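1. I'll drop the sequence and a predicted model, then ask my questions.
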Amino acid sequence: MSNTKNRLSEEEKQQFWEKGYLGPYTLCSPEDMVKMQPEIVEILHSDAPDHKVREHNRHLDYPLIYKLATHSTVVDRMASIYGPDLLLWRTNFFVKEPGAKEIPWHQDFNYWPVEPPIIISAWIAIDSATLENSCLQIIPGSHRKVIPHIKATSDMAFNQMGDLNYIDTSNVVNLEMQPGEFVLFNERTMHHSEANRSDKRRIGLAVRVIVPIVKVFDWDSPKHELIVINGEDRSQINKRS
Ligand SMILES: O=C(O)CCC(=O)C(=O)O
């Protein structure tokens, strides 16, 4: 349910426009998130119906993931910036076990089949995420430039990466989070995470939300569809539940 206390102040909106990110904010207490971890791990070990990747779009088959992705602490803040009409496009777990590879510096919209590319992401910490176990890192203001992406090296978790010749990492922000905290960023905010050199797992849930004028060209599975999570879908240009 919507709660006015989640609405963003003018200063926060200004930060999102200028720096391309906001947070961390609290969705739930660390204790509450720790209680949810066993169910989340079980979900990640179960086959996703109609989908080959267990980490993707589990909001479609598990109410717990849907509840986290559409929590009012997240959605009200998104609506403060992007307006009342919001559609949930995708969710993805990023599971980084000890030894997991580096996720290279990248801008998400480089990879995604949507037009125009207007997407707000929430990244929710399921485990505690620290520098030690490869927390998310971002470059404030990087969303205001498009960075060329090139083939990634074999030590990276993705096939493509932002070209380091065009990326200034001198003002990186380390988004260390407790379980139950989250951050918001947009489709061009440059982000990354180091290889997990610790002995601690790090799971995050990324929630991708679009506005109704955005056309989705490719669906992740036959059952994949958009869900109206706030307001309404007056454009009706996409497959929807
Ligand atoms: O979880 C990570 O380390 C990377 C997350 C990411 O690339 C994303 O949410 O787009």
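-> Sure, I can see it.
2. what does the pLDDT read for T4?
-> We have a pLDDT of 78 for T4.
3. do the same with V228
-> pLDDT for V228: 98.
4. which residues touch it?
-> The neighbours of V228, taking CB atoms under 8 Å, 6 or more residues apart in numbering as the test, are D85, L86, L87, R240. Where C-beta positions appear, they are placed from N, C-alpha and C, glycine not excepted.
5. surely the first one and E232 touch.
-> Going back to what we said before, that points to D85. Yes: using CB atoms under 8 Å, D85 is in contact with E232, at 5.8 Å.
6. higher neighbour count, those two?
-> D85 (18 against 12; other CB atoms under 10 Å).
7. now do the contacts for that one.
-> Neighbours of D85 in contact, by CB under 8 Å, 6+ apart: V211, P212, V228, N230, G231, E232, D233, R234.
8. re the thing from before, of the contacts of V228, which belong to strands?
-> L86, L87 (DSSP state E).
9. ChimeraX command for the buried members of the contacts of V228?
-> Remark: buried members of these, expressed as a ChimeraX selection using 16 or more other CB atoms under 10 Å:
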select :85,86,87
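10. pLDDT and distance to L175 added to the contacts of V228, as JSON lines?
-> Shown next, in JSON lines, are these (pLDDT from 0 to 100; distance: CB to CB, whole Å):
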{"residue": "D85", "pLDDT": "98", "distance to L175": "28"}
{"residue": "L86", "pLDDT": "98", "distance to L175": "22"}
{"residue": "L87", "pLDDT": "98", "distance to L175": "25"}
{"residue": "R240", "pLDDT": "78", "distance to L175": "32"}
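11. with respect to N174, which of the contacts of V228 is nearest?
-> L86 (28.3 Å; CB to CB).
12. can you name the residues bridging to I138?
-> Counting by DSSP bridges, I138 forms beta bridges with V173, H191.
13. could you check how far K96 is from R202?
-> 4 Å (CB to CB, to the nearest Å).
14. any common contacting residues for the two?
-> N133, S134, S193, N196.
15. now the strands for this structure?
-> Going by DSSP E, the chain shows strands at 21-26, 86-96, 103-106, 114-115, 119-125, 136-138, 149-151, 160-162, 173-175, 181-186, 191-193, 202-210, 215-216, 227-230.
16. same list (the ones you listed) but as a markdown table, adding distance to Q15.
-> Formatted as a markdown table, those follow (distance: least, CB to CB, whole Å):
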| stretch | distance to Q15 |
| --- | --- |
| strand 21-26 | 6 |
| strand 86-96 | 20 |
| strand 103-106 | 21 |
| strand 114-115 | 25 |
| strand 119-125 | 14 |
| strand 136-138 | 12 |
| strand 149-151 | 26 |
| strand 160-162 | 22 |
| strand 173-175 | 11 |
| strand 181-186 | 10 |
| strand 191-193 | 16 |
| strand 202-210 | 19 |
| strand 215-216 | 28 |
| strand 227-230 | 21 |
